[in-house]
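Asker: from the sequence below, what's the structure:
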Amino acid sequence: MHSGGERCASPDSLKVEKMTDFNSTGWIALFANHQANVEGWDPVTRVALVVDPERGVMRSVTDYPDFSRLIMAHKLVSVIPGRGHRAHWHNFERGVPLTEEIIGWMVSELGTVVPFTADGATAEDADVILAPGVEAPPGSNRPAG
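Answerer: Now for the predicted structure:
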């Protein structure tokens, strides 16, 4: 399960590599112009397998000439409901704050918990995670100066 689009408006935040992808194996295959979830491993060669959507089969990543490497992802083991928590960004875009409901928390096999919102984007880069009934801190709605 891919976490969705990048939510950060700040170009500086894109420099920090965050592991926000979840899938069933904990690995992602990188190719020249795309990425794909590793769906399993060949039992004989032990090579990572990805879905070939055009053929409708699993293929070894090494079958693709543009295969680059594998990167780690969160191995998804559970999803729990958000239960009223909200994510708040003090300075989302051009000084405008944003608060969105967290609809769930993705849990990795290592115990990492990442909140996500209704649009499927993660909220791990939020400035504050608000408990149910708690409002954003004073001054967080002021545009950046």
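Asker: helices of this structure, start to end?
Answerer: In the chain, no segments count as helices under DSSP state H.
Asker: tell me where the longest strand sits in it.
Answerer: Longest strand of the chain, by residue count under DSSP state E: strand 96-108.
Asker: surely Arg123 meets Phe116?
Answerer: Small correction: residue 123 is Ala, not Arg. Yes. Contact criterion C-beta atoms under 8 Å: Ala123 and Phe116 qualify, at 6.4 Å. Bear in mind the C-beta positions are built from the backbone N, C-alpha and C, glycine included.
Asker: so for these two, which residues contact both of them?
Answerer: Ile102 (C-beta atoms under 8 Å, 6 or more residues apart in numbering).
Asker: what about the strands in the chain?
Answerer: Secondary structure of the chain by DSSP E: the strands cover 22-23, 27-31, 35-37, 40-41, 48-52, 57-60, 67-72, 74-81, 86-93, 96-108, 113-117, 128-130.
Asker: out of those, which is the most enclosed?
Answerer: Burial of the strands of the chain is given as mean neighbour count (mean count of other C-beta atoms under 10 Å); strand 22-23 ranks first at a mean of 21.
Asker: straight-line length of stretch 33-41, end to end?
Answerer: 22 Å (C-alpha to C-alpha, to the nearest Å).
Asker: which elements pack onto the helix or strand of the chain with the lowest mean pLDDT?
Answerer: Scoring the helices and strands of the chain by mean pLDDT, DSSP states H and E places strand 22-23 at the bottom, with a mean of 82. Applying 3 or more C-beta pairs under 8 Å, 6 or more residues apart in numbering; DSSP states H and E, we find strand 22-23 packed against strand 74-81.
Asker: dump the residue contacts of the closest residue in space to Arg83 that isn't next to it in sequence.
Answerer: Taking C-beta to C-beta, 6 or more residues apart in numbering, and ignoring the residues beside it in sequence, Arg83 has Pro132 as its nearest neighbour in space, at 6.7 Å. Residues near Pro132 by C-beta under 8 Å, 6+ apart: 83-85.
Asker: which of those count as buried?
Answerer: His85 (16 or more other C-beta atoms under 10 Å).
Asker: out of the contacts of Pro132, which comes closest to Ala29?
Answerer: The closest of the contacts of Pro132 to Ala29 turns out to be His85 (C-beta to C-beta; 32.9 Å).
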